[in-house]
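Colleague: Starting from these lines, generate the structure:
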Amino acid sequence: MKSPLYIGVTVACLVMLTACKTVDKPYQGHGPIKVTVEASAAPDEPIFIQSALVKACNNTGCDTPNSDNNYRHLKSTYINIPVVFPFKAFQGADANTQATIAFSIYHPNYGQLTKEVTLAQAEQAEISTLTIEVEYFEERLKRLEKDADTKNTKMLKFGFNQKDPEFLSRKAEYLKARYQLGAAVNEHIRMLRELYLPQFTPEDQTKITTKYNPIIKKWFYRYPETNCDLEAHCEQDAQKPRTQHFNAL
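Modeller: Residues are numbered from 1 along each chain as shown. All right, here's what the predicted structure looks like:
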């Protein structure tokens, strides 16, 4: 049986649900959006979906609003059970206005995933549908590990000549790939602590953390602690004693 959890990393994709069309009547906004999150198995805990307006575009250009204050709706649901986000009217928009909405998914099994959908002018009753497929966080880590292994193989083809520019370039790519693994786990922990768990009562938080703490702890210590990012300090960092430790969510 697969270990739970996925994410991560944040990923983003653009889906065009309706075509841009010119109409004679004034623009009203976009209709309700029915969002369904699909996965191979349904966990016991609910998922949370946060919406935000990213931008609104028309023939004259795009307006990028403060998404923290525009079309912000937090909905809870379960895997394979759709949830409807409300109609949104945009004041002063013309008939060709399109709105891009971002939907972020929060859950211990899947981490944080963001998808964007661009909607054209619609009647208030017209419902658009969006399906978001998620994968376990463990599966995402496996993909990142495979990418790191591939880069390591390419690096080894050039030996260990520290004066060879090609070797140094491949080494930097490999070390950055290794860094992404630890960074993905740290981001997953941050998401759970700051975004997911605060939605629950203290009693339910205890149930969730008791279930997932052992799994996350295993991930946390699976990869060397590094702070290299775009710099080439991963090798030295990995040899140093760990300074950060995971106690609990």
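Colleague: contacts and neighbour counts: CA atoms only from here.
Modeller: Noted.
Colleague: Off-centre distance for stretch 75-94?
Modeller: Stretch 75-94 sits 19 Å away from the centroid of its parent chain (C-alpha atoms, centre = their mean, to the nearest Å).
Colleague: could you give me the average pLDDT of it?
Modeller: When pLDDT is averaged along stretch 75-94, the result is 83.
Colleague: what does stretch 53-65 give?
Modeller: Stretch 53-65 comes out at a mean pLDDT of 78.
Colleague: ok, and for that stretch, which residues are buried?
Modeller: Residues of stretch 53-65 classed as buried by neighbour count (16 or more other C-alpha atoms under 10 Å): Leu53, Val54, Lys55, Ala56, Cys57, Asn58.
Colleague: Put the alpha carbons of it into PDB.
Modeller: C-alpha atoms of stretch 53-65 as PDB (Å, rounded to 0.1, in the frame of the first residue of the first chain):
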ATOM      1  CA  LEU A  53      -8.600  36.000  -8.600                       C
ATOM      2  CA  VAL A  54      -5.300  36.100 -10.400                       C
ATOM      3  CA  LYS A  55      -6.100  38.600 -13.200                       C
ATOM      4  CA  ALA A  56      -8.800  40.000 -15.400                       C
ATOM      5  CA  CYS A  57      -8.000  40.600 -19.100                       C
ATOM      6  CA  ASN A  58      -9.900  42.300 -22.000                       C
ATOM      7  CA  ASN A  59      -9.000  43.900 -25.300                       C
ATOM      8  CA  THR A  60      -7.000  46.700 -23.600                       C
ATOM      9  CA  GLY A  61      -4.900  44.500 -21.400                       C
ATOM     10  CA  CYS A  62      -4.900  42.800 -18.000                       C
ATOM     11  CA  ASP A  63      -5.500  44.000 -14.500                       C
ATOM     12  CA  THR A  64      -3.700  42.100 -11.800                       C
ATOM     13  CA  PRO A  65      -5.700  42.700  -8.600                       C
END
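Colleague: sorry, back to before: ok, the buried residues of stretch 53-65 vs Pro86, which is closest?
Modeller: Set against Pro86, the nearest of the buried residues of stretch 53-65 by C-alpha to C-alpha is Leu53 (12.6 Å).
Colleague: Run the chain-centre distance for stretch 96-111.
Modeller: Taking mean C-alpha positions (C-alpha atoms, centre = their mean), stretch 96-111 and its chain are 9 Å apart.
Colleague: Let me know the secondary structure of Leu74.
Modeller: Three-state assignment for Leu74 (DSSP: H, G, I helix; E, B strand; the rest coil): strand.
Colleague: so how many other residues sit close to it?
Modeller: Leu74 is flanked by 15 other residues according to other C-alpha atoms under 10 Å.
Colleague: circling back: next step: the buried residues of stretch 53-65 restricted to strands.
Modeller: Residues of these located in strands (DSSP state E): Leu53, Val54, Lys55, Ala56, Cys57, Asn58.
Colleague: Please report phi then psi for Ile216.
Modeller: phi -70, psi -40 (degrees, to the nearest 10).
Colleague: before we move on, what about Val117?
Modeller: Torsion angles at Val117 (phi, psi; degrees, to the nearest 10) stand at phi -130, psi 140.
Colleague: what mean pLDDT does the longest helix along the chain have?
Modeller: In the chain, with assignment by DSSP state H, the single longest helix is helix 165-191. In this model, helix 165-191 carries a mean pLDDT of 87.
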